[in-house]
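Chemist: can you look at this prediction? I've put the sequence above it.
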Amino acid sequence: MRGAALAALLLLATAAARAQSASGLELFTSPAKGYCIACHQVPQGAGPATRSDLGPRLEGTRMRELGRARLRALLADPMAANPDTVMPPFGRHRILSAAEIDRVVDYLDALPSSGAPAPDPEPPARAEDEGEDAKAVIARGATLWKRRFKDGKSLAGCFPNGGRRVAAAYPQYHPRLKLVFTLEMAVNQCLKAHHEPLLDYTDPATMGAITAYVRSLAEGSRIAVRVPAAAQPHFEQGRRLYFSRLGQRNFACASCHMRGAGKRYADVPLSPAAGQATSWPYIRGGEAVTLQAQVRQCLERMGAAPFPAGSEELNDLEYFLTSLSNGLAIRANASRAR
């Protein structure tokens, strides 16, 4: 036991030493630390090439005009100067130590005055490969959707018209339970009624594939999520969560998808809030990523503990976000590399 404890202490000491020795550039580019490169471009040769433009391009002339004291203050707590900024409070939220902030300031102060523009976008992935991924996921979902239960019924039998166009009406408010019901909840409700094992909301091979198939049955249908008066508290909670800053990095969903819509974070285009719900799930790496799965990933990037999939918080958030796309046509199961 003493040997194991000593080994653990040595590992911690080694990790601490490495953190102390990290250069300003390493802190600037590390996803676990500053990750400033996710929002900012730097002159060619001063760091990785990126198309990120959520934050302004950083050049040495401007950095030196601001001065080291001002740069240090902006890194420690940028909200002191601009309460609406999307820049994380690296010092106040202890993302970076005081010594680490000083090393990032050293790096910024030494940036070249100018550099080449951001590189051209990479060639898109082959459309035929993306299409094959989507077809395979949808086919797997169709098989699960039509599979016979022990009592001879199926998921298709639980929904009007075998599930055609029903996805356009989800999420929906359940007046008896006084809860928001997502499509995934309706699937599990059917399984429960027929004494079948429930599916994990986060499993892309089962629930994700089923969602992809049912959404494909509503392709082109216009989203029509109803928000009756009784559902207003759930709608408002979803709206509040969408605009609330969460986690160590102090982001809100709206930080990227309203204020930053159309820009790039870590080379990924930021989609606008209105219209987002038309495209889910995405096919990524041959798997269906549902809207709630993506929100959970975003919460992790924000440094927040993600709400469980199927929780009231995420259901209400999905309810609010989907209602923003009312009247827009479903275009589900597009492929995305990230």
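Modeler: Everything's here; your move. Residues are numbered from 1 along each chain as shown.

Chemist: now the closest residue to residue 149 other than its chain neighbours: how far from residue 315?
Modeler: Spatial nearest neighbour of residue 149, excluding adjacent residues (Cβ to Cβ, 6 or more residues apart in numbering): residue 194 at 4.7 Å. No exception for glycine: its C-beta is placed from N, CA and C like everyone else's. Counting by Cβ to Cβ, to the nearest Å, the separation of residue 194 from residue 315 is 23 Å.

Chemist: what number of residues lie near the residue nearest to residue 149?
Modeler: 16 (other Cβ atoms under 10 Å).

Chemist: wouldn't it be in contact with residue 151 here?
Modeler: Yes. Counting by Cβ atoms under 8 Å, residue 151 is a contact partner of residue 194 at 5.7 Å.

Chemist: contact partners for residue 102?
Modeler: Going by Cβ atoms under 8 Å, 6 or more residues apart in numbering, residue 102 touches residue 72.

Chemist: look at it and tell me its secondary structure.
Modeler: Of the three states, residue 102 takes helix under DSSP: H, G, I helix; E, B strand; the rest coil.

Chemist: I'd guess residue 313 is in a helix, am I close?
Modeler: Yes. Judged by three-state DSSP, residue 313 forms part of a helix.

Chemist: count the neighbours of residue 64 for me.
Modeler: 15.

Chemist: which residue is the nearest non-sequential neighbour of it?
Modeler: Distances taken as Cβ to Cβ, 6+ apart place residue 109 nearest to residue 64, at 6.2 Å, with adjacent residues excluded.

Chemist: tell me where the stretch 101-250 of the chain has helices.
Modeler: Here the stretch 101-250 of the chain has its helices, by DSSP state H, counting those that start in this stretch, at 127-146, 183-193, 209-216, 232-243.

Chemist: check those for me and report the most buried one.
Modeler: helix 209-216 (a mean of 26; mean count of other Cβ atoms under 10 Å).

Chemist: quick one: average pLDDT of it?
Modeler: Here helix 209-216 scores 97 as its mean pLDDT.

Chemist: now do it: distance to the chain's middle.
Modeler: Remark: helix 209-216 is offset 20 Å from the chain centroid, using Cα atoms, centre = their mean, to the nearest Å.

Chemist: which secondary structure elements does it contact?
Modeler: Packing partners of helix 209-216 (3 or more Cβ pairs under 8 Å, 6 or more residues apart in numbering; DSSP states H and E): helix 127-146, helix 183-193, strand 287-289.

Chemist: many thanks, I have nothing further to ask.
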